[in-house]
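Undergrad: give me coordinates for this.
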Amino acid sequence: MANNGFEFPVEELVDPGNPATPMANAIIAGQAAKLPTRTNSTLNTGTNLPDDEQASLMGQVPFWATEEPIEDIIAPIQVDPTTTALVEKEALRAEAVVLITNLADKQNKETLADITTKVLEGYKLDLASRTEWEALNVQIIDLAKLLVKKKVYAGEVVANVKYPLIINACIQFAARAYPELIKGNEVVKGKVIGTDPDNRKFDKANRISQFMSFQLLSLMEDWEEGVDQLLFTLPAIGCVFKKSYFDSIERKSVSQIVFADDLVVNYFAESLERAPRVTHRIYLYHNEIVERINSGIFIKFDVAELGQATSDKTADVDEDTPHLFLEQHRWYDLDNDGYQEPYVVTVHEQSQKLVRISPRFATDGIIRKSDESGVVDLDGPIVKILPEQYFTRFIFMPAIDGGFYGMGFGSLLMSSNSAINTVINQLLDAGTLSNRQSGFLGRGLKLGRGKSIQVKSGEWKPVDATGDDLRKNIFPMPVREPSNVLFQLLGLLIESGKELAGMTEILAGNSPGANVPAESVLALIEQGLQVYSAIHKRLYRSQYKEFIKLRRLNALYLDQMTYSVVLDDQQAIVQADFSSADFDVVPVSDPNSTTMMQRLLKAKAMLELRGQGLNDQEILRQYLLALDIEDVERFFPAEDQTDPAEQLAMQKLQAEITELSAKVAKLNAETQKIMTEIPGKQLEQEKTIADMDNDATDLALKDKQISGQLELGRSQQSLGKAPGGLKESTMKREYVSENNNQGE
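TA: Got it, this is the predicted structure:
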């Protein structure tokens, strides 16, 4: 392997019984050579402990002959956890070569014959278990492809139209799901697990998400096309597979689509993980077989031994007809220890020739028995072996009977689609008979024995009969017009089929009608997408499993140079990034939002939370992502730059603070002024009150004087005299006037 750091063949490194141990020992030895060792304390030479011959020449006692305890002579090698993890990762990458090694050449003929028999018998057994499912698929494909076949009834060609109910459901599903699974240049995103105070986990997750997205969309040329094909086939059949493996010829990881018809699994198997065997039918051309022989994937043999290839799809074969190979992922006890190990066995179906046996497990998947203290005994018995899984199942919806292949729109809508086709063809045939008038000719019409007349459009033919005789001797065949009841039944069947497929008018882009509130439209869309939301979550779950397999392949086989060149980052290290367990890789799609409208509604709701102590910049980023804006980071300033809007806001805030400070200072000055004026105001108020008291006293004295004068005047008036020539009325007017003046 390119990254193992060794120049000798891997066969010299690997022991078939325990392939990783020699490599791990070699790596540990290399790491230990870099660590300092303790010298003999009695020599005190300042150098490492010499070997036996050098010790003898120097007159020194070899360390094995001394009486001192060995612990006092040689210090134990202390390996930190980081070095231990590095050793384990490097050993696993070296062991990955064994996973693509062909072991068939090392087996005897009896073992090869036994494995071949088991592979073929298991394949036939699994094939027989899904016979009904295969027959149903043939009908589904005919309906979905809208194949036009000639149909004859009573010697005449009749209508044979197929209504596009299934294919319409598939097109709408693919149109909604495709932009959700692949959003621009992003397919994978990292998910940090646990706390991340220094953002180291986030940086690793970001590097992996960038590289895997580039790997899927650019390095794997057929991956996106495979997703497109998957989304069209999945809703019709109900099940499609992805095969993720390392191509040792092109030296790259591959994740290709596999149709359900080509992956044979027992119909009653619970899952891929629990299935006893999984058989992939692979069709290889002559050159592809030779390539696998020359690269060591297949054992060496003459291609002519395979004979002439046959085909189960057509009878026309030639030398370019591909050969069918059965790649079976199964369990087999190859070392006769009583426990079956997982292997990949490849057999040519026609000649029954075994061409490849490769292990399907690594040492990190071997679970051994632990002792009483819970420590795993590396030499203890094997408890379980976890196999390397190649296939990922994408299921549309689970089958009612628990079948392995699930269900799709094809099986759900096939009966409705067939009934619709029948009604449409009956209406067409009835219309054809009504338009093609036919009938009987009487003897009175002289046309000759056994002759009839066929009149073309716009043609008039002479006959040897009068008009009255002609009318009496022609009897039209009684034919009914197309039935209105059948037409109404057709509408009912189409509506029920669309309802089952979730194809409502509003989801198809048709107008819901005039004066319909926006809230009602959104509620209808939400209700119509319930079916697709559940299916989208299943797609999300399956795609997550596919990415986990791809991450495992990168940890085992990805070249460090490729990883560094793509990211152009010195921190990008394959072993440290892809083997880390403190973050996860998930699809970029949102399993809870299946449309852009749903994402926009969520993003707009988050916009209203700005200024509430949340990360406003991240809220804006999520809103731009919901709008499908590419490269949103260019809209945000760099970390060492100041946001112009933020800077303007800070300046405005500073100005407001300055203005407020000035107002506060002015208010304090006015308060001080008022406080100094208060004593003077109090004296003035007291003086005013005293003046008012004096005025009241003077008024009382004057009132007494006037009263005395009035009394005097009355007494004198009674005598006929007035004092000073004044009358009482005059005195009263003067008194009132004086009082008014004092009031003013």
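
Undergrad: quick one: the strands in the stretch 551-700 of the chain, in order.
TA: 583-587 (DSSP state E, counting those that start in this stretch).

Undergrad: helices along that one, start to end?
TA: Ranges of helices in the stretch 551-700 of the chain, per DSSP state H, counting those that start in this stretch, are 560-567, 574-578, 596-607, 616-626, 644-718.

Undergrad: tabulate those helices (JSON lines), appending mean neighbour count.
TA: All C-beta spots, glycine's among them, are computed from the backbone N, C-alpha and C. Output for the helices of the stretch 551-700 of the chain, formatted as JSON lines (neighbours: other Cβ atoms under 10 Å):
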{"stretch": "helix 560-567", "mean neighbour count": "15"}
{"stretch": "helix 574-578", "mean neighbour count": "20"}
{"stretch": "helix 596-607", "mean neighbour count": "15"}
{"stretch": "helix 616-626", "mean neighbour count": "16"}
{"stretch": "helix 644-718", "mean neighbour count": "11"}
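
Undergrad: quick one: low-confidence parts of the stretch 351-500 of the chain?
TA: For the stretch 351-500 of the chain, residues meeting the criterion pLDDT under 70 lie at 444-451, 457, 459.

Undergrad: all strands of it, in order?
TA: Under the criterion DSSP E, counting those that start in this stretch, strands of the stretch 351-500 of the chain are mapped to 353-359, 366-368, 382-385, 391-395, 439-441, 474-476.

Undergrad: out of those strands, which is the most enclosed?
TA: Highest mean neighbour count among these (mean count of other Cβ atoms under 10 Å): strand 391-395, with a mean of 22.

Undergrad: just checking, what packs against that one?
TA: For strand 391-395, the elements it packs on are strand 239-247, helix 530-557, judged by 3 or more Cβ pairs under 8 Å, 6 or more residues apart in numbering; DSSP states H and E.

Undergrad: would you mind listing the buried residues in the last one?
TA: Within helix 530-557, the residues scored as buried using 16 or more other Cβ atoms under 10 Å are 531-532, 535-536, 538-540, 542-557.

Undergrad: what's the burial count for the closest residue to residue 621 other than its chain neighbours?
TA: Nearest non-adjacent residue to residue 621, counting by Cβ to Cβ, 6 or more residues apart in numbering: residue 632, 5.7 Å away. Residues near residue 632, counting by other Cβ atoms under 10 Å, number 15.

Undergrad: likewise residue 352?
TA: Neighbour tally, residue 352, other Cβ under 10 Å: 13.

Undergrad: measure it to residue 301 for me?
TA: As defined by Cβ to Cβ, to the nearest Å, residue 352 lies at a distance of 13 Å from residue 301.

Undergrad: which residue ranges of the stretch 151-300 of the chain form strands?
TA: Listed in chain order, the strands of the stretch 151-300 of the chain (DSSP E, counting those that start in this stretch) span 151-153, 156-158, 188-192, 239-247, 252-259, 263-264, 277-284.

Undergrad: ok, the fifth one: who's next to it in the sheet?
TA: According to DSSP bridges, the neighbouring strands of strand 252-259, each with its direction, are strand 239-247 (antiparallel).

Undergrad: run the chain-centre distance for the strand it pairs with.
TA: Distance of strand 239-247 from the chain centroid (Cα atoms, centre = their mean, to the nearest Å) equals 17 Å.

Undergrad: shaky segments in the stretch 1-150 of the chain?
TA: 1-95.

Undergrad: go again with 80.
TA: Per-residue confidence for the stretch 1-150 of the chain (pLDDT under 80) gives these ranges: 1-100.

Undergrad: closest to residue 405 out of the helices of the stretch 551-700 of the chain?
TA: Residue 405 sits nearest to helix 596-607 of all the helices of the stretch 551-700 of the chain, at 30.4 Å, using Cβ to Cβ.

Undergrad: quick one: pLDDT of the residue nearest to residue 569 when sequence neighbours are not counted?
TA: Excluding the flanking residues, the one nearest residue 569 by Cβ to Cβ, 6+ apart is residue 207, at 6.4 Å. Per-residue pLDDT puts residue 207 at 91.

Undergrad: number of nearby residues for residue 207?
TA: Neighbours around residue 207, by other Cβ under 10 Å: 21.

Undergrad: pipe the helices and strands packed on strand 391-395 into CSV and attach mean pLDDT and distance to residue 402 per row.
TA: Shown next, in CSV, are the helices and strands packed on strand 391-395 (pLDDT from 0 to 100; distance: least, Cβ to Cβ, whole Å):
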stretch, mean pLDDT, distance to residue 402
strand 239-247, 95, 13
helix 530-557, 88, 16
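
Undergrad: let's have these in a markdown table, adding distance to residue 148.
TA: Shown next, in a markdown table, are these (distance: least, Cβ to Cβ, whole Å):
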| stretch | distance to residue 148 |
| --- | --- |
| strand 239-247 | 27 |
| helix 530-557 | 30 |
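
Undergrad: and of the ones you listed, who's closest to residue 566?
TA: Closest to residue 566 of those is helix 530-557 (Cβ to Cβ; 11.5 Å).

Undergrad: mind giving me the domain split of this structure?
TA: Annotated domains of the chain cover 10-97, 102-129+274-388, 132-261+391-447+461-594, 640-679, 687-744 [automatic domain parsing].

Undergrad: any chance of those domains in CSV, plus distance to residue 617?
TA: As requested, the domains of the chain are arranged in CSV below (distance: least, Cβ to Cβ, whole Å):
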stretch, distance to residue 617
domain 10-97, 35
domain 102-129+274-388, 41
domain 132-261+391-447+461-594, 15
domain 640-679, 9
domain 687-744, 67
